[in-house]
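Colleague: Coordinates only, no sequence provided:
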């Protein structure tokens, strides 16, 4: 099992093109842990903004009567991917992993796969 700091360090070192990572509490919008890289992203601002994205998607699913879970949410920018992965483990309810990637260096399929593995090892 890996703690939050270890999980973010693993994401930044193992996932090609990673430029920032955070563990976020979407009930408050606060980043519980952050690790930035060469991207210069303000991860606290990203945590708060992406909390709104997660809340909006969950509200929409509720209004549609969908009884499904969110695997991840992808936001594609012209030069970056932003990946949001709500945690599903017993201690992770109300949290999500956020990963920003340099689009020119990242392999999105591998990043999603590796983030899933990191989540499985995360102990919160």
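Modeller: Perfect, I can see it now. Source: prediction; values computed, not measured.
Colleague: what's the nearest residue to the residue nearest to the spatial centre of the chain if we skip its chain neighbours?
Modeller: For the chain, the residue nearest the mean C-alpha position is residue 98 (2.1 Å; CA atoms, centre = their mean). The shortest distance from residue 98 to any non-neighbouring residue, by CB to CB, 6 or more residues apart in numbering, is to residue 22 (4.5 Å). C-betas here are computed from N, CA, C, even on glycine.
Colleague: Could you check how far residue 108 is from residue 54?
Modeller: As judged by CB to CB, to the nearest Å, residue 108 and residue 54 stand 19 Å apart.
Colleague: So which of these two has more stuff around it?
Modeller: residue 54 (20 against 14; other CB atoms under 10 Å).
Colleague: So that one: helix, strand or coil?
Modeller: What DSSP: H, G, I helix; E, B strand; the rest coil gives for residue 54 is helix.
Colleague: wait, what's in contact with it?
Modeller: Residues near residue 54 by CB atoms under 8 Å, 6 or more residues apart in numbering: 26, 70, 73, 84, 86, 96.
Colleague: correct me, but residue 43 touches residue 37?
Modeller: No - the criterion here is CB atoms under 8 Å, and residue 43 misses it with residue 37 at 10.1 Å.
Colleague: Now do the shared contacts for these two.
Modeller: Contacts common to residue 43 and residue 37, judged by CB under 8 Å, 6+ apart, are residue 20.
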